[in-house]
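Peer 1: task: produce atomic coordinates for the following.
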Amino acid sequence: MPIRFPHRTALILALAAALPLPARSAPLPPDRAPLAALEAAIAREDIKQVTSVLLVVDGTVAYERYFNGATAETLHDVRSASKSVTAMLVGAAIGDGHLPGVDARVYDYFPEFTAAHPVDPRLRATTIEDLLTMSSLWECDDENAFSAGHEERMYVTERWLDFALALPVKGFAPWMTRPQDSPHGRAHAYCTANAFVLGAVLERATRMPLADYAAQALERPLGITQSHWNRSPEGIGMGGGGTRYRSRDLARLGELVLAGGQWQGKALIPAGYVAAMVSAQASTGDGSDYGYQWWGLTLPVQGRERTVWAMSGNGGNYVFVIPGQKQVAVVTSTAYNRSYAHPQSRRILSEFLLPALH
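Peer 2: Here you go, the predicted structure:
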């Protein structure tokens, strides 16, 4: 029998604690036609390079299929969806006392760097929340090839952490919106270095490799027995991308968010942190909401536009979470750097999966 938990916040509605996903899928939803249409679209390559589609409703697998050579045991490289897992680990570290809160100052965790390098006082004030919301004052924008902090520049350096901590202060040209004039008081710029440094902070705070802390704090409690975390050249866990999980394990992460951080009667992440993580903390360039490294996407749900919270990564990799509906959808894909990748994964949710339930 599912274990039910009370409401925690107005933002996370009708959340139910999720039991581990069953070993066998439940029968398909009553309306098979949209799912058959999805499979036909993938077969004729109208939808390309998708490797798995999984839908969980109220803790039960309602649909699960693998494509293009993938199986239930495939570890999918979800690219930047890893950032959302890192944000969950920050919440776990706050819950277990390793971190004091999102107001903790980032540079305080790297005294050897600050002892050897002058740091602008504005950057010394950078908090964990600034990194979680992609609103630090580092001149870092992965969508601007000229940005000093562009992720590709970081990848070719020997010491990623020094690269990030030494970034200059962002300037605001006359046509750019300053933080005080931005939605939520934060000028958002998508920057992988933010997530990487969060992983480094976690390693300093927990005194554990990021992969080991992920296993201890989230993966083992959720029943996740296989994963892969990348590391930087200097050996720091890569919290910004490239993590690999099985599709059902990605669904477990989504279920944990639906359940407000509770799993089988234990709080893995504080409920208040989860509520903040999947609420609007900043606004992205395309007008989407952005929480703590989770995306608030406006998508059609039950015939009207609604905010769907998601882990999102290059190639069209997604974990969609729909509070109130008790639904989690996983789409994995290898359409890396393809313009159609994200639109087609969102289409899978809105055009095929959700209509199958109504």
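
Peer 1: list the helices and strands the longest strand belonging to the chain packs on?
Peer 2: In the chain, assigned by DSSP state E, the strand with the most residues is strand 304-313. If you count contacts as 3 or more Cβ pairs under 8 Å, 6 or more residues apart in numbering; DSSP states H and E, strand 304-313 packs onto helix 82-95, helix 247-258, strand 295-301, strand 317-322. The C-beta positions use only the backbone N, C-alpha and C, and glycine is treated the same way.

Peer 1: how about a cut-off of 7 Å?
Peer 2: strand 295-301, strand 317-322 (3 or more Cβ pairs under 7 Å, 6 or more residues apart in numbering; DSSP states H and E).

Peer 1: what residues are up against residue 197?
Peer 2: Residue 197 makes contact with 106, 131, 161, 164, according to Cβ atoms under 7 Å, 6 or more residues apart in numbering.

Peer 1: try it again with 10 Å
Peer 2: 106-107, 109-110, 126, 128, 131, 136, 138, 160-161, 163-165, 167, 191, 236, 239-240 (Cβ atoms under 10 Å, 6 or more residues apart in numbering).

Peer 1: just residue 346 next, same as before
Peer 2: Here residue 346 is in contact with 297, 299-300, 308, 310, 312, 316, 318, 320, 331 (criterion: Cβ under 10 Å, 6+ apart).

Peer 1: out of the residues you listed, flag the one nearest to residue 154.
Peer 2: Lowest distance from residue 154 to the contacts of residue 346 (Cβ to Cβ) belongs to residue 312, with 20.1 Å.

Peer 1: ok, the closest one touching residue 318?
Peer 2: Yes: assessed by Cβ atoms under 10 Å, residue 312 is found in contact with residue 318 at 5.6 Å.

Peer 1: between the two, which is the more surrounded one?
Peer 2: Neighbours were tallied for residue 312 and for residue 318 using other Cβ atoms under 10 Å; the higher tally belongs to residue 318 (28 against 23).

Peer 1: quick check: bridge partners of that one?
Peer 2: With DSSP bridges as the criterion, residue 318 is bridged to residue 312, residue 331.

Peer 1: residue contacts, it?
Peer 2: 78, 81, 250, 254, 295, 297, 308, 310-312, 329-333, 341-342, 345-346, 348-349.

Peer 1: and residue 57, how close does it get to residue 106?
Peer 2: 39 Å (Cβ to Cβ, to the nearest Å).

Peer 1: tell me which of these two has more neighbours.
Peer 2: Neighbours of residue 57 and residue 106, each counted by other Cβ under 10 Å, are more numerous for residue 106; the result is 23 against 19.

Peer 1: quick one, phi/psi of the nearest residue to that one once chain neighbours are set aside?
Peer 2: With sequence-adjacent residues excluded and distances taken as Cβ to Cβ, 6 or more residues apart in numbering, residue 106 is closest to residue 126, at 4.7 Å. Backbone torsions of residue 126, given as degrees, to the nearest 10, read phi -60, psi 130.

Peer 1: got a pLDDT number for the residue lying closest to residue 151 once chain neighbours are set aside?
Peer 2: For residue 151, ignoring the flanking residues on the chain, the nearest one in space by Cβ to Cβ, 6+ apart is residue 192 at 4.0 Å. What the model reports as pLDDT for residue 192 is 98.

Peer 1: where do the helices sit along the stretch 51-200 of the chain?
Peer 2: Taking DSSP state H, counting those that start in this stretch, the helices of the stretch 51-200 of the chain run over residues 82-95, 111-116, 121-124, 128-132, 151-155, 160-165, 192-206.

Peer 1: so which of those is the most packed in?
Peer 2: Burial of the helices of the stretch 51-200 of the chain is given as mean neighbour count (mean count of other Cβ atoms under 10 Å); helix 82-95 ranks first at a mean of 26.
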